[in-house]
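Chemist: Mind looking at a prediction? Sequence and model below.
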Amino acid sequence: MNLETKYLGLKLKNPLILGASPLADKVETVQRLEEAGASAIVLRSLFEEQIQMEDQAIEHHVERHGGAFSEAASGFFPALSDFALDTGQYLEQIRKIKQKVSIPVIGSLNGVTSGGWEYHSKLIEEAGADALELNFFELPTETDESAADIEKRYIEILKHIRAMVKIPLAVKLSPFFSSIPNFVKSLKEAGADGVVLFNRLYQSDIDIESLEVRPILHLSSSSELGLRLRWLAILEPHFPGLLAVSGGVHTSSDVIKSLMAGASVIQLVSTILKHGPEQFRILEQELLDWLEKNEYESLDQLRGSMSLRTCPDPSAFGRANYMKILRGWSLSSTGSQFS
Ligand SMILES: Cc1cc2nc3c(=O)[nH]c(=O)nc-3n(C[C@H](O)[C@H](O)[C@H](O)COP(=O)(O)O)c2cc1C
């Protein structure tokens with residue numbers, strides 16, 4: 001069966017792509033991923049903070065004089081040398097990868113304020129990227145900026161970048177918006193060709209002895225997929241063809257569920273870090289086997305078949321199911337010792 005998929009206007013050989021990660025830092029790894037069946041790759045992000053530091057370093061030669069960045073010096077923010085690839089290396093990496101593989105290469109920019117860093121979208125386009133993913137990852141800590149202000153700012157950044165480049169743009173979102181459907185609509189109107197659900201938030205832990213806040217990065221598990229399935233199912237009827245899933249896809253069942261809920265493509269990171277590039281081949285083969293066993297004629301027949309448009313019980317994704325779960329919950333079903 002043909003697994004060909006369209007995402008961001010790009011023709012992909014199947015719906016399985018590598019999500020933003022260090023896995024594309026080495027050209028040989030990207031070649032192995034392509035051989036194993038990855039249909040596109042997303043590079044790790046260039047960060048707004050990194051770009052600003054580089055710009056300032058050039059202007060003030062801070063690397064020689066040191067100490068110019070109090071946040072970096074305090075240890076909370078990375079120093080310039082902590083970033084894996086500087087901008088020059090990042091652009092060179094895109095050029096090198098483009099020479100060696102034929103699958104689409106998607107760059108990634110991660111930033112939240114309107115500023116000079118947005119110009120880097122143009123550099124990424126000129127380096128040969130086929131598309132660009134914008135990661136708006138911010139945790140608001142101030143009380144004065146409203147949700148509407150923040151959304152407006154993101155839309156301005158998107159419009160700014162849209163005006164600068166011709167390549168397709170995807171926006172990778174966090175799940176924390178009051179109205180995800182309304183914001184996705186605004187993103188589409190502002191020129192987004194794709195929306196990635198969702199960013200995965202890395203938690204902070206507190207070391208109670210040293211009184212330090214420590215960031216922790218655990219690889220994901222399939223338990224994180226439910227949040228994505230719900231929003232895919234809700235959004236798909238309004239935005240068919242726009243959605244990518246990122247977060248918690250590990251098995252072929254996860255892949256099938258994501259497609260049923262309405263994902264055009266599936267981004268994989270943790271499962272590839274755990275099992276290696278061959279996981280692409282395994283997931284693709286298992287998807288094909290399942291489609292044939294269940295007599296699907298095409299991927300399109302599967303895609304969105306459990307979204308709110310077609311799901312036999314749309315209330316399953318909404319408040320009704322939430323109430324049903326809470327009402328039906330009993331201690332005995334959890335194996336609890338509580339009596
Ligand atoms: C080591 C590592 C590095 C990552 N770097 C980035 C990044 O630079 N930009 C980004 O948007 N996401 C980044 N991510 C997040 C992944 O793209 C993805 O959204 C997340 O891991 C959830 O997908 P998964 O469940 O398949 O791992 C990174 C994830 C990991 C594990």
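Modeler: In hand now; what should we look at? Residues are numbered from 1 along each chain as shown.
Chemist: Give me the contact list for stretch 175-188.
Modeler: Identification of contacts with stretch 175-188 by CB atoms under 8 Å, 6 or more residues apart in numbering yields 147, 151, 154-155, 158, 171, 173, 195, 197-199, 227, 231, 234-235, 238-239, 242. No exception for glycine: its C-beta is placed from N, CA and C like everyone else's.
Chemist: CA atoms of that stretch as CSV?
Modeler: Output in CSV follows, covering the C-alpha atoms of stretch 175-188 (Å, rounded to 0.1, in the frame of the first residue of the first chain):
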residue,chain,number,x,y,z
PRO,A,175,-0.7,22.6,25.1
PHE,A,176,-1.3,25.6,27.4
PHE,A,177,-3.7,27.9,25.5
SER,A,178,-7.2,28.8,26.7
SER,A,179,-8.6,28.1,23.3
ILE,A,180,-6.3,26.0,21.1
PRO,A,181,-8.8,25.9,18.2
ASN,A,182,-9.1,29.7,18.0
PHE,A,183,-5.3,30.1,18.3
VAL,A,184,-4.6,27.5,15.6
LYS,A,185,-7.2,29.4,13.4
SER,A,186,-5.2,32.6,13.9
LEU,A,187,-1.9,30.8,13.1
LYS,A,188,-3.4,29.5,9.9
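Chemist: Give me the buried positions along that stretch.
Modeler: Of all the residues in stretch 175-188, those buried under the rule 16 or more other CB atoms under 10 Å are 180, 183, 184, 186, 187, 188.
Chemist: Please apply the same query to stretch 98-109.
Modeler: Residues of stretch 98-109 classed as buried under the neighbour-count rule (16+ other CB under 10 Å) are 98, 101, 103, 104, 105, 106, 107, 108, 109.
Chemist: roughly how far is it from the heart of the chain?
Modeler: Remark: stretch 98-109 is offset 16 Å from the chain centroid, using CA atoms, centre = their mean, to the nearest Å.
Chemist: cool, and stretch 208-224?
Modeler: What separates the centre of stretch 208-224 from the centre of its chain is 19 Å, taken as CA atoms, centre = their mean.
Chemist: Is any residue of it near the ligand?
Modeler: Yes. Using CB under 6 Å from any ligand atom as the criterion, contacts between stretch 208-224 and the ligand involve 219, 220.
Chemist: Endpoints of that stretch, how far apart?
Modeler: End-to-end distance of stretch 208-224 (CA to CA, to the nearest Å): 28 Å.
Chemist: give me the number of residues near residue 204?
Modeler: Other residues within reach of residue 204 by the criterion other CB atoms under 10 Å amount to 10.
Chemist: Which elements pack onto the helix or strand hosting it?
Modeler: Under the criterion of DSSP states H and E, residue 204 resides in strand 203-207. Counting contacts by 3 or more CB pairs under 8 Å, 6 or more residues apart in numbering; DSSP states H and E, strand 203-207 is packed against strand 212-216.
Chemist: buried sites along the very next helix or strand once past the strand it packs on?
Modeler: From strand 212-216 onward toward the C-terminus, using DSSP H and E, the following helix or strand is helix 225-235. The neighbour-count check on helix 225-235 (16+ other CB under 10 Å) flags 225, 228, 229, 230, 231, 232, 233, 234, 235 as buried.
Chemist: Let me have those residues in JSON lines, extended by pLDDT and distance to residue 120.
Modeler: Supplementary listing: the buried residues of helix 225-235 in JSON lines, determined by pLDDT from 0 to 100; distance: CB to CB, whole Å:
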{"residue": "225", "pLDDT": "98", "distance to residue 120": "32"}
{"residue": "228", "pLDDT": "97", "distance to residue 120": "28"}
{"residue": "229", "pLDDT": "97", "distance to residue 120": "33"}
{"residue": "230", "pLDDT": "95", "distance to residue 120": "34"}
{"residue": "231", "pLDDT": "97", "distance to residue 120": "29"}
{"residue": "232", "pLDDT": "97", "distance to residue 120": "30"}
{"residue": "233", "pLDDT": "96", "distance to residue 120": "34"}
{"residue": "234", "pLDDT": "95", "distance to residue 120": "33"}
{"residue": "235", "pLDDT": "97", "distance to residue 120": "28"}
